[in-house]
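Kindly generate the corresponding structure for this input.
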Amino acid sequence: MKTKLFTTVLFVLALLLGTVNPAFAAGDTGATSVAIDVIVARPVSLAMTIIGSALFVVSLPVAIPAQSVEKVAHTLVVTPAKDTFTRPLGDFDSFLDY
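Residues are numbered from 1 along each chain as shown. As a prediction, this is how the structure comes out:
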């Protein structure tokens, strides 16, 4: 029960962060933006990568006949993984940029 609640809260937080435009200046890598990135954005991106991977596996029976495996993989796994592991700390210009 606690796991489902935790997953739901992370998913809702990810949705909220995905729809809000950050109010940081372009190129701003101040201490505040780095701290927010480490404390909030990276864990949310990691959770989205894990949840997206599970959804990707579940969606394969539909995606294979529709020949959309590459698009589904990119949307559910690759984009959140890039945000988690390759985006510079504090750089929100391309955060969850689909």
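
In this protein, where is pLDDT below threshold?
Within the chain, the stretches with pLDDT under 70 are 1-29, 96-98.

neighbours around the residue nearest to residue 55 when sequence neighbours are not counted, how many?
Using C-beta to C-beta, 6 or more residues apart in numbering and skipping the chain neighbours, the partner closest in space to residue 55 is residue 76 (5.4 Å). In short, each C-beta sits where N, CA and C put it, glycine included. Using other C-beta atoms under 10 Å, residue 76 has 22 neighbouring residues.

Next, work out how far apart residue 76 and residue 92 are.
Distance, residue 76 to residue 92, using C-beta to C-beta, to the nearest Å: 21 Å.

just residue 77 next, same as before
For residue 77 relative to residue 92 (C-beta to C-beta), the value is 21 Å.

Just say helix, strand or coil for residue 89.
coil (DSSP: H, G, I helix; E, B strand; the rest coil).

Scan this protein for its longest helix.
helix 42-66 (DSSP state H).

so after it, what's the next helix or strand?
Toward the C-terminus, helix 42-66 is succeeded by helix 69-73 as the next helix or strand (DSSP states H and E).

in that next one, what's buried?
If you call a residue buried by 16 or more other C-beta atoms under 10 Å, then helix 69-73 has these buried ones: 72, 73.

For it, which helices and strands make contact with it?
Here helix 69-73 touches helix 42-66, going by 3 or more C-beta pairs under 8 Å, 6 or more residues apart in numbering; DSSP states H and E.

packing partners for the helix it packs on?
Checked by 3+ C-beta pairs under 8 Å, 6+ apart, helix 42-66 has helix 2-19, helix 69-73, helix 79-85 packed alongside it.

Dump the shortest one to CSV, restricted to CA.
What follows is the C-alpha trace of helix 69-73 in CSV, where atoms were taken according to Å, rounded to 0.1, in the frame of the first residue of the first chain:
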residue,chain,number,x,y,z
VAL,A,69,8.3,0.4,-30.5
GLU,A,70,10.9,3.1,-31.2
LYS,A,71,8.6,6.0,-30.5
VAL,A,72,7.2,4.4,-27.3
ALA,A,73,10.8,3.6,-26.1
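
Much appreciated, bye for now.
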